[in-house]
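*Asks:* sequence-free structure coming up:
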């Protein structure tokens, strides 16, 4: 489970505040997993309004270990929204968001499901709705912000680990045997070539443009003073 989160941090494309990404990485290095999972905050119901909590970093197919870091799974959000949408006692749905963003994987699919909700959908943040979380909020019919809330930070990036110097200092050398011209392009035991770095930048530029376009919403956005 540690390996899965480490791989995500070092290889996946993220739409998240960079300082939060770094905080997860540092916490991962210092943490000794004891096997106790994180309990997802359950939806609340108040006066016919379903309140669904989207807190911490967000991602797809999270393990219990990842949940222990306070992360929220896209699939859980989709399931809770679908349950509320089908519940005859619920008149509207409120997404209570406090998230710096998360991974791109699974995000467009969640956004599509939110756009298809039949009941009034409102997003509210009194903390942070950044990057991927901003994309989620933008799918609602209206977005409410507290006066000091932080929103935006539209963009994506990937943090590719380069272990060449570490391996050299340890007196280690990797002899990799591969089939396929591009199989080892992003391997962490060798420096990233300028050609592959350019390819990566083009991919990220396209991803940022896509995120910016799909985060543009017709929802009514109101900051609460």
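*Replies:* Perfect, thanks for sending it. Keep in mind it's a predicted model, so treat the numbers as computed, not measured.
*Asks:* Doesn't residue 133 lie inside a helix?
*Replies:* Yes: using DSSP: H, G, I helix; E, B strand; the rest coil, the assignment for residue 133 is a helix.
*Asks:* Run a quick neighbour tally on the closest residue to it other than its chain neighbours.
*Replies:* Once flanking residues are discounted, residue 133 sits nearest to residue 99: 3.7 Å by C-beta to C-beta, 6 or more residues apart in numbering. To be clear about C-beta, it is placed using only N, CA and C from the backbone, and glycine gets the same treatment. A count of nearby residues for residue 99, using other C-beta atoms under 10 Å, gives 28.
*Asks:* Surely residue 99 is in contact with residue 130?
*Replies:* Yes: using C-beta atoms under 8 Å, residue 99 is in contact with residue 130, at 7.2 Å.
*Asks:* Average pLDDT for stretch 48-66, rounded please.
*Replies:* Across stretch 48-66, pLDDT averages out at 92.
*Asks:* Same question for stretch 24-41.
*Replies:* Across stretch 24-41, the average pLDDT comes to 67.
*Asks:* partners of the residue positioned nearest the centre of the chain in the sheet?
*Replies:* In the chain, the centroid-proximal residue (C-alpha atoms, centre = their mean) is residue 102; its distance is 1.5 Å. Counting by DSSP bridges, residue 102 forms beta bridges with residue 15, residue 58.
*Asks:* which neighbours does the helix or strand hosting residue 95 have in its sheet, and in what orientation?
*Replies:* In the assignment (DSSP states H and E), residue 95 maps to strand 92-98. Within its sheet, and counting by DSSP bridges, strand 92-98 is paired with strand 49-55 (parallel), strand 121-125 (parallel).
*Asks:* any idea which of these is most buried?
*Replies:* With neighbours taken as mean count of other C-beta atoms under 10 Å, the strands paired with strand 92-98 reach their highest mean count in strand 121-125, at a mean of 23.
*Asks:* after that strand comes which helix or strand?
*Replies:* Note on strand 121-125: by DSSP H and E, the next helix or strand toward the C-terminus is strand 128-130.
*Asks:* same for that next one, what does it pack against?
*Replies:* Under the contact definition 3 or more C-beta pairs under 8 Å, 6 or more residues apart in numbering; DSSP states H and E, strand 128-130 sits against strand 92-98, strand 150-152.
*Asks:* Name the residues that touch the last one?
*Replies:* Right, the one you point to is strand 150-152. Contacts of strand 150-152 from elsewhere in the structure, counted by C-beta atoms under 8 Å, 6 or more residues apart in numbering, are 125, 127-130, 134, 137, 145.
*Asks:* Quick check: buried residues in it?
*Replies:* Within strand 150-152, the residues that count as buried by 16 or more other C-beta atoms under 10 Å are 150-151.
*Asks:* for it, the distance to its chain's centre please.
*Replies:* 14 Å (C-alpha atoms, centre = their mean, to the nearest Å).
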